[in-house]
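>>> with the sequence up front, the predicted model follows.
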Amino acid sequence: MYPEYMTPSLKKVAQSRKQRFELAKTGKPVFPPMSAEEREEVLTKFHPDYKPESKRQINIGVNKGDVFTTEIAEMLESRSRIKPGIFDLSKADYETDVLIIGGGGAGCAAAIIAREKGAKCIISTKLRLGDANSMMSQGGMQAAVTAVDSPTIHYLDAMGGGHFDNKPELVRALTENGADVVKWLEELGVVWDKNEDGSFVVRHGGGTSRKRMHSSRDYTGAIIMRTLMDEVRNFPADIETLEFMPVVELLLDKSGKCAGGILYNLETEEYFIVKAKSTIITTGGYGRLHIRGFDTTNHYGATGDGLILAYRAGGKLLFMDSVQYHPTGAAFPEQIGGFLITEAIRGAGGQPLNKHGELFVFPREPRDVESSAIIRECVEKGNGIETPSGRLGVWLDSPLIDMLLGDGYINKQFPAMHRQFIRYGIDITKEPMLIYPSLHYQNGGIEINEKGETNIPGLYVAGEVSGGIHGRNRLMGNSVLDYNVYGRLTGEYAAEYSKSVKLGALSLDHITAYEKELEKEGIKTDLITPILLPSYTPEDVRKRQLTAHYEGTLR
Amino acid sequence: MAEKQKKEKSETKEMVTVLIMGKAHKVPADATIMGAIEYAGYQIKRGAGCREGFCGACATAYRLPNDYKIYTGLACTTLVQDGMWLAQLPAIPAQKPVYNLDELKPDVTAFQRIYPEIFRCVACNTCTKSCPQDLEVMDYIQAAKRGDIAAVMDLSFDCLSCGMCAIRCPAEITQYNVGILGRRLFGKYLSKKSEQLDKRIKEVAAKKFDKEFKELMQMSEEELKKKYYARDME
């Protein structure tokens, strides 16, 4: 239920709906899409990345001197959880062909393919298998399948969305593999939304010039993730899954090849050595670092662990100055503040409106542009609606969808969204949602090539933790495609590499060297990384947590 | 306006008392169970996942004052109530048989082979009553017994695998895994195939887009920009 003071604004939304419906029916843009100059202007003035204090120079490591998002620079200038000297690296507790760090979509896809290619795998994950942002994607996956579409049109959309910073060969691999991934997932048993004739139901997303969003209602990620997990679990002899056991440092061999990692059992607080012929990092993103204080759409485990693992080992990072804010996070009720509201709502015809019930932006601009326009409407123009807890937001008019696509469409295609709001007495088939941008995606990451290889031999990276595919702004539906394409590619190439590589003696010298560099640069910090879990303990509780020394625990 | 939207906690907030694993804590009256557990000072390891109602990590059982009933919910989406006595389930002991989907048929024989215990269902409907997603769990188990794969798929589609049904089931069925098998059988065998998909895969394999890709990849940023802003919209 919306508070009573919002009623006049809600009335204005209802009043303008008929006219906006007529406009939408024409098929023409309901608001003029921005030109390159207009995009540039709104981004510069309102995107959080453009605030001067949002970035700073990183003072350590391979990227020393580069400009990074401030919170990421701080996260990277940190201490290791371990003292390298006390580990006996002559004996490994586990040995495997492919060590996969992270049990989300990319990790599971990599494991399934690596096993097919004859490799034994270990999946290390700090929570449960499938605890990942992959599970939470709602709206769909892009793939250029229809006759009016092509991988090259998809390529152009992705490059433009990413401000042409994307690495071309990565975007080509992404877009050219789209149809293959749709098929692969269907053969594994993913239930895609289909029309009567077997063709796929496809929708627009922000920044797409063709309808190519493939979906499983609004549980797309959950359906794909559970299918991949189920398949991983069908091969317990070849794929060992270690839950609540994150990798906390990579191991190299004496010649600098990646050779596995150090595992930490979150529950018994033991450490284990995993020797692996190849390693794939699939740890996902960093939304739980709450960049610039923003709420996030992300999973509990999204703390950017893979970035620091690779960085301490000498892995190069790319585009770490760019953060994605999803245009439509929930702004009300407070309990779901920041939660994801799928972009498919706008793909299906939902419209962002200000407090006067007016359109103020084309509903399907790329995410950074759309988010910036929403912030501008609230902050500069004063046309936002304030919630009882002091948040600002604009309306996202969903009832229009049933008017455009038929009664019952929302209930059938957006059951998760309907459920999210009806719990709080808001029926999105009758009333709009109140939204504001929410921290959503790590645009950059560990630099890879089109095989998912990094600058460290034997270290592969797939999914959100990688950098280069999306430039400085990812389009909706390209991350689900990304983790499938690059999960599969890295699984294949890592398995292949494992057949011939010869590892030398294991080493943690890179950890010692990183600690020395911290000292040399005069960086004083108490921060220990990887962060593993975010803390939501209130201040007053923290003040009483007065144990003098913690050993091995999270604090 | 500060970018950080949340205002500081107000001192005058309405509070309720909840018993987290038997221990009383005062927490905000409008908190979710997960919010309350963290407000009380717990660092959750098991029992938090997506925090938005998609992953099923935070299954919680609770009772309310003067009420004999046992309630179930997701900690991330269920609000606290005064006097609520709650405990999260750290994991659900569930069986997951291994199978090769290629060797199964999309009919009742798949369930007979992989999940024969579903035929022990006594139709008590406890699974349905315990589902935090309000799914008709018993109905999809009955559909599985009939070999109605499409109904298993449809009725179990929004399942989060939280495991509350399985833990409450007197017939010891792991309902959510039955749902996954049903959906996979449907996706692989029963959903009508797209000819256009196969056509596109062949086109890509035959390198139909090679030349166009090469041209695009060699373009200067200016040329690419021009092409991008001039592109037509479906």
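Right, received. Where do you want to start?

>>> so which residue is smack in the middle of chain B?
By Cα atoms, centre = their mean, the mean C-alpha position of chain B lies nearest to B:Leu160, the distance being 2.1 Å.

>>> likewise chain A?
A:Tyr441 (4.3 Å).

>>> counting neighbours, what do you get for the closest residue to A:Ser438 other than its chain neighbours?
Computed as Cβ to Cβ, 6 or more residues apart in numbering or on different chains, the closest residue to A:Ser438 that is not its neighbour in sequence is A:Gly329, at 2.4 Å. From N, CA and C alone the C-beta is placed, and that goes for glycine too. A:Gly329: 27 surrounding residues under other Cβ atoms under 10 Å in any protein chain shown.

>>> what kind of secondary structure is A:Gly329 in?
Applying DSSP: H, G, I helix; E, B strand; the rest coil to A:Gly329 yields a three-state assignment of strand.

>>> wait, doesn't it sit right on A:Leu340?
Yes: contact between A:Gly329 and A:Leu340 holds when scored by Cβ atoms under 8 Å: they sit 6.6 Å apart.

>>> what do those two both touch?
Both A:Gly329 and A:Leu340 are contacted by A:297, A:438, A:440, under the criterion Cβ atoms under 8 Å, 6 or more residues apart in numbering or on different chains.

>>> that older thread, for the residue nearest to the centre of chain A, give me its contacts.
Counting by Cβ under 8 Å, 6+ apart, A:Tyr441 has contacts A:285, A:287, A:323-324, A:326, A:464, A:474, A:479.

>>> please apply the same query to B:Tyr62.
Taking Cβ under 8 Å, 6+ apart as the test, what B:Tyr62 contacts is B:33, B:70-73, B:84-87.

>>> let me see the domain layout of chain A.
A:4-30+A:324-439, A:79-322+A:443-503 (automatic domain parsing).

>>> pop out the phi and psi values for the closest residue to the residue nearest to the centre of chain B other than its chain neighbours.
Nearest non-adjacent residue to B:Leu160, counting by Cβ to Cβ, 6+ apart: B:Gly56, 3.6 Å away. As for B:Gly56, its main-chain torsions (degrees, to the nearest 10) stand at phi 80, psi 20.

>>> what of A:Ile224?
Torsion angles, degrees, to the nearest 10, at A:Ile224: phi -70, psi -50.

>>> please tell me I have it right and it contacts A:Val480.
Yes: between A:Ile224 and A:Val480 there is a contact under Cβ under 8 Å: 6.9 Å.

>>> shared neighbours of the two, which are they?
A:105, A:134, A:141.

>>> who's in contact with the last one?
In other words, A:Met141. Per Cβ under 8 Å, 6+ apart, neighbours of A:Met141: A:181-182, A:213-215, A:220, A:224, A:477, A:480-481, A:484.

>>> check the secondary structure at residue 62 for me.
Answering for chain A, as no chain was given. Three-state call for A:Val62 (three-state DSSP): coil.

>>> meant chain B, my bad for not saying
Criterion first, three-state DSSP; result for B:Tyr62: strand.

>>> send the alpha carbons of stretch B:141-159 over as PDB?
Output of stretch B:141-159 as PDB, limited to C-alpha atoms (Å, rounded to 0.1, in the frame of the first residue of the first chain):
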ATOM      1  CA  ILE B 141       3.600 -34.200  -7.500                       C
ATOM      2  CA  GLN B 142       0.200 -35.700  -8.500                       C
ATOM      3  CA  ALA B 143       0.900 -34.500 -12.100                       C
ATOM      4  CA  ALA B 144       4.300 -36.300 -12.000                       C
ATOM      5  CA  LYS B 145       2.500 -39.500 -10.900                       C
ATOM      6  CA  ARG B 146       0.300 -39.200 -14.000                       C
ATOM      7  CA  GLY B 147       3.300 -38.400 -16.200                       C
ATOM      8  CA  ASP B 148       1.800 -35.000 -17.100                       C
ATOM      9  CA  ILE B 149       5.200 -33.300 -17.600                       C
ATOM     10  CA  ALA B 150       3.700 -30.000 -18.900                       C
ATOM     11  CA  ALA B 151       1.700 -29.600 -15.700                       C
ATOM     12  CA  VAL B 152       4.800 -30.400 -13.500                       C
ATOM     13  CA  MET B 153       6.700 -27.700 -15.500                       C
ATOM     14  CA  ASP B 154       4.000 -25.100 -15.200                       C
ATOM     15  CA  LEU B 155       3.100 -25.600 -11.600                       C
ATOM     16  CA  SER B 156       6.700 -25.800 -10.300                       C
ATOM     17  CA  PHE B 157       8.000 -23.000 -12.500                       C
ATOM     18  CA  ASP B 158       8.400 -20.500  -9.800                       C
ATOM     19  CA  CYS B 159       9.900 -22.900  -7.300                       C
END
